[in-house]
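>>> coords please:
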Amino acid sequence: MEIRWFKGTDCVCLYKNRQVTEGRGYEGRVSLFTQELQRGNVSLQIRDCKRSDRGYYLCQVTNGDTTEECTVRVWDSLSKNREWTEEERMKMKESVLLIDEFISDTNTVSMR
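Numbers count the residues shown, from 1 in each chain. Prediction:
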């Protein structure tokens, strides 16, 4: 299972290979309830919320060949689904690749 949380096109949190990686600017502030993932709880917890944390977040959950998505709006009770453009989706992929590269580089260094 892979879980990706985005704010705009920035990857806020990535769960991959049973490892949680926080996006730039969210270090030490975001987490997942990993003990509840098998029960379907993919909630993102944001600590020390800032005004800049307001906005739309996209959650993508991939399990095998299936990907499900959900958009949430933080700090506003009136939530609508937001449509994501192809350009935004490409930037999201790039953002995940940057985090993925970081994970690979970190694992390579720690394996030496």
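>>> the helix or strand encompassing residue 71 packs against which elements?
Here residue 71 sits within strand 66-74, counting by DSSP states H and E. Where contact means 3 or more Cβ pairs under 8 Å, 6 or more residues apart in numbering; DSSP states H and E, strand 66-74 is packed against strand 55-63. C-beta coordinates here come from the backbone N, C-alpha and C atoms, glycine included.
>>> for the strand it packs on, what is the distance to the chain centroid?
6 Å (Cα atoms, centre = their mean, to the nearest Å).
>>> quick check: buried residues in it?
Neighbour counts over strand 55-63 (16 or more other Cβ atoms under 10 Å) mark 56-61 as buried.
>>> what's the angle between it and strand 66-74?
Angle, strand 55-63 to strand 66-74, by axes from the mean of the first three to the mean of the last three Cα atoms, to 10 degrees: 160 degrees.
>>> that older thread, with distance to residue 40 as extra columns, can I get the buried residues of strand 55-63 in CSV?
CSV is the format used below for these (distance: Cβ to Cβ, whole Å):
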residue, distance to residue 40
56, 22
57, 18
58, 17
59, 12
60, 15
61, 9
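>>> among those residues, which one lies nearest to residue 99?
residue 60 (13.4 Å; Cβ to Cβ).
>>> in the sheet, who's paired with that closest one?
Beta-bridge partners recorded for residue 60 (DSSP bridges): residue 4, residue 69.
>>> surely it meets residue 84?
No - the criterion here is Cβ atoms under 8 Å, and residue 60 misses it with residue 84 at 10.1 Å.
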